[in-house]
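Starting from these lines, generate the structure:
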Amino acid sequence: MARSVWKGPFVDGYLLNKAEAARASTRNEIIKIWSRRSTILPQFVGLTFGVYNGKKFIPVQVSENMVGHKFGEFSPTRTFTGHSSDKKAKRG
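Numbers count the residues shown, from 1 in each chain. You can find the predicted model right below:
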């Protein structure tokens with residue numbers, strides 16, 4: 001279910017502070033975040049965030065098309081290793 005419009009998008013408070021500090025420093029560094037549930041805002045466009053997936057930080061370069069989505073959508077937590085081969089099918 002979607003979030004109510006009158007509440008506005010959810011963004012952790014520390015995330016806004018980190019983004020403003022990165023804009024002020026003008027250095028191209030990765031901002032490490034753990035908040036996968038936060039919504040990407042227009043202020044974040046052009047910044048690079050390291051989104052934690054439970055094991056490592058996945059670098060996410062925010063573009064205009066990502067605005068409105070969640071950070072967790074761009075940092076997969078599971079790795080698909082492929083289907084195991086069916087040994088019965090090979091014999092027959």
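
CA atoms for contacts and neighbours, from now on please.
Fine.

which residues sit in contact with residue 46?
Neighbouring residues of residue 46 by C-alpha atoms under 8 Å, 6 or more residues apart in numbering: 61-63.

Selection in PyMOL covering whichever of these are buried, please.
Buried residues among the contacts of residue 46 (16 or more other C-alpha atoms under 10 Å), as a PyMOL selection:
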select buried, resi 62
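
Just the pLDDT at the residue nearest to the spatial centre of the chain, thanks.
Ranked by distance to the mean C-alpha position of the chain (C-alpha atoms, centre = their mean), the top residue is residue 71 at 2.6 Å. pLDDT for residue 71: 96.

The closest residue to it other than its chain neighbours and residue 19: what is the separation?
The shortest distance from residue 71 to any non-neighbouring residue, by C-alpha to C-alpha, 6 or more residues apart in numbering, is to residue 36 (4.9 Å). Distance of residue 36 to residue 19, computed by C-alpha to C-alpha, to the nearest Å: 15 Å.

just residue 84 next, same as before
43 Å.

So these two - more neighbours on which side?
residue 19 (17 against 6; other C-alpha atoms under 10 Å).

Need the three-state assignment for the more buried one.
helix (DSSP: H, G, I helix; E, B strand; the rest coil).

State the number of residues packed around the nearest residue to it once chain neighbours are set aside.
Sequence neighbours aside, residue 44 is the residue nearest to residue 19 in space, at 6.7 Å (criterion: C-alpha to C-alpha, 6+ apart). Using other C-alpha under 10 Å, residue 44 is surrounded by 21 other residues.

Only the buried residues of stretch 13-20, if you could.
Neighbour count says stretch 13-20 has 15, 19 buried, by 16+ other C-alpha under 10 Å.

try stretch 42-49
Buried, per 16+ other C-alpha under 10 Å, within stretch 42-49: 44-45, 47-49.
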